[in-house]
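Participant: Sequence and predicted structure, then a few things I'm wondering about:
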Amino acid sequence: MKTDKFAEKWREIRCRLAKPQWWKQFRQSMANERLSPEALAEFNFRLRLDLLKFAYEESPYYHALYKAAGLEPGDVKTEEDWAKVPMLTREALRYNFETIKVAHPQSTYKLYTTGGSTGEPSKVLKDDGFSSVVMNWRAGTWTGVPVGGNSATIMRTHHATWKTRFRHFLANFPATNIMLDAGDMSEEKIERFIRQWRHYKPRRISSYVGGIHQLAVYCLQQGIKLPAPDAVFTTAAPLSSTVRADIVRAFGCLVFDNYVATEAHPMANQCRHLAEISSPALHIHSDYRHLEFVDEFGTPLPVGEVGDILVTDCMDRVFPIIRYRLGDRGRLLPGRCACGRPFPLMDAVHGRSFDFIYLEHGKIAGECWATAFDDCLNAIHNFQIHQHQDKSVTLSVVMNHAYPDAEKAIATVAANLQRQLGSLPLTVEYKDFIPHNRGKIKYIISDVIAD
Ligand SMILES: [Zn+2]
């Protein structure tokens, strides 16, 4: 425990020296945890009203958008009024970068590009005045996993210059962070990483879902048992129940999911209680982010109903994100978490709203099939459903050979899917591994051109 205390203090000192403002914001964010759910909602609503006024006055894009809709910021007085604020679409964000931007000379910000998974890259600026680091630190306190000690990262890594390497060393000092490039996971690289893992015994693993899953399956298939870390933190893609089960089986530790997007950075995280019960639920950072689950017209849906997710980043004053349609689908969950925190719960994000499965008669949202194996999670390591242009479907499966009757369980799932497809053909392919796209897994792929 001595090292933990030291590491915690060291992090605080570093932060207070380098970013005193972030530290202050972190303290404030921790104080918000003591608010009641009602006070928290009120806090968030006030932030949104300030943001709306700011965007109307300072951002040419929003000014024109709201003018055209006949909306003045003063018109918004209640949550019902808020639902009338026009949404920001992905296309609008993509083509109006220059006019959405509010660049004051004193602003500090970073540029990010997004859209790898959708194939439509766009760019956003994120305000450094209020850093998402603050919410990541807070989410860290939710996990009950101590800071300090060695750690590991499986993401895209670029440590080309001595400067970045030195900064990386300082950020982790006095511990070591070992890294595996999720974009280059050859057997040789994995084996090297496993040797480092045995030597440094990392306590916290941060990884793209696809990266840690590939490593987990490799270890399970080769019978490799690594020293158990305290926790795995996944990011960049929804964590399905199959993948979570594999990671738990391979590393014997808690797995924490989160919900992030380049346009709004962290939006929701899991607390220790949710990870312990392997729940798919996440706490929304509902003080600084506002998430809405809406129908196609932008009208909020009741708790429990799946809809398109809209996000408002209440803190960004450089590139306002207001009622932005992320392209993900999800829902609010009823009730409170046993941990007692006031932040509302959302279900794990199911998938992109534009992936559909076409059946013989009509279509269903792809998310309906993303849970196809939930009843026999241990029978497989991974799966992918690919619907081709002619509407035939290939179900690729990485079978768990250690599971008795795995083949039978897979056949049952396939038969169930076939029943839904009707006369459209379904082929089952057994694979050793399903490649991820730089750490991101797509469970449902459709080549069907919508008519
Ligand atoms: Zn909780």
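Facilitator: Thanks, I have it.

Participant: Tell me who's in contact with Leu180.
Facilitator: Ala152, Thr153, Ile154, Thr157, Lys189, Ile190, Phe193, Gly211, Leu215 (CB atoms under 8 Å, 6 or more residues apart in numbering). All C-beta spots, glycine's among them, are computed from the backbone N, C-alpha and C.

Participant: ok, it to the ion distance?
Facilitator: Separation of Leu180 from the ion (CB to the ion, to the nearest Å): 30 Å.

Participant: Please name the nearest non-neighbouring residue to the residue positioned nearest the centre of the chain.
Facilitator: A centroid search over the chain (CA atoms, centre = their mean) returns Tyr259, at 2.8 Å, as the residue closest to the centre. What sits nearest to Tyr259 in space, not counting adjacent residues and going by CB to CB, 6 or more residues apart in numbering, is Ala268, at 4.1 Å.

Participant: before we move on, the earlier item: which among the contacts of Leu180 end up buried?
Facilitator: Neighbour counting by 16 or more other CB atoms under 10 Å classes Ala152, Thr153, Ile154, Ile190, Phe193, Gly211, Leu215 among those as buried.

Participant: Tabulate those residues (CSV), appending secondary structure.
Facilitator: Listed next are the buried ones among the contacts of Leu180 as CSV, based on DSSP: H, G, I helix; E, B strand; the rest coil:
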residue, secondary structure
Ala152, strand
Thr153, strand
Ile154, strand
Ile190, helix
Phe193, helix
Gly211, helix
Leu215, helix
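
Participant: mind listing what's buried in stretch 217-233?
Facilitator: Buried, per 16+ other CB under 10 Å, within stretch 217-233: Val217, Tyr218, Cys219, Leu220, Gln221, Leu226, Pro229, Asp230, Ala231, Val232, Phe233.

Participant: Select from those residues every entry located in helices.
Facilitator: Under the assignment DSSP state H, those contribute Val217, Tyr218, Cys219, Leu220, Gln221 to helices.

Participant: Pull out the buried positions in the strand or helix carrying the residue nearest to Tyr259.
Facilitator: Assigned by DSSP states H and E, Ala268 falls within strand 265-269. By neighbour count with 16+ other CB under 10 Å, strand 265-269 contains the buried residues His265, Pro266, Met267, Ala268, Asn269.

Participant: could you give the mean pLDDT of the lengthiest helix in the chain?
Facilitator: Determined from DSSP H, the single longest helix within the chain is helix 37-58. For helix 37-58, the mean pLDDT works out to 97.

Participant: Report the inter-axis angle for the next helix or strand after that helix versus helix 37-58.
Facilitator: Next along the chain after helix 37-58, taking DSSP H and E as the criterion, comes helix 60-68. Here the directions of helix 60-68 and helix 37-58 differ by 100 degrees (axes from the mean of the first three to the mean of the last three CA atoms, to 10 degrees).

Participant: For helix 60-68, list every residue counted as buried.
Facilitator: Buried residues in helix 60-68, counted by 16+ other CB under 10 Å: Tyr61, Tyr62, Leu65, Tyr66.

Participant: for those residues, which one is nearest Gly422?
Facilitator: Leu65 (43.7 Å; CB to CB).

Participant: how close does that closest one get to Leu220?
Facilitator: 51 Å (CB to CB, to the nearest Å).

Participant: And Gln384, by the same measure?
Facilitator: Using CB to CB, Gln384 is found at 18 Å from Leu220.

Participant: Get me the contact residues on this protein for the ion.
Facilitator: Contact residues (CB under 5 Å from the ion) of the chain with the ion: Cys271, His273, Cys337, Cys339.

Participant: repeat that with 8 Å
Facilitator: Residues of the chain lying close to the ion (CB under 8 Å from the ion) are 142, 270-274, 283, 337-341, 343, 345.

Participant: These in helices, which ones?
Facilitator: Per DSSP H, helices hold the following members of these: Trp142, Arg272, His273, Leu274.

Participant: Same list (these) but as CSV, adding neighbour count and pLDDT.
Facilitator: Converted to CSV, these look like this (neighbours: other CB atoms under 10 Å; pLDDT from 0 to 100):
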residue, neighbour count, pLDDT
Trp142, 21, 95
Arg272, 16, 97
His273, 17, 97
Leu274, 23, 97
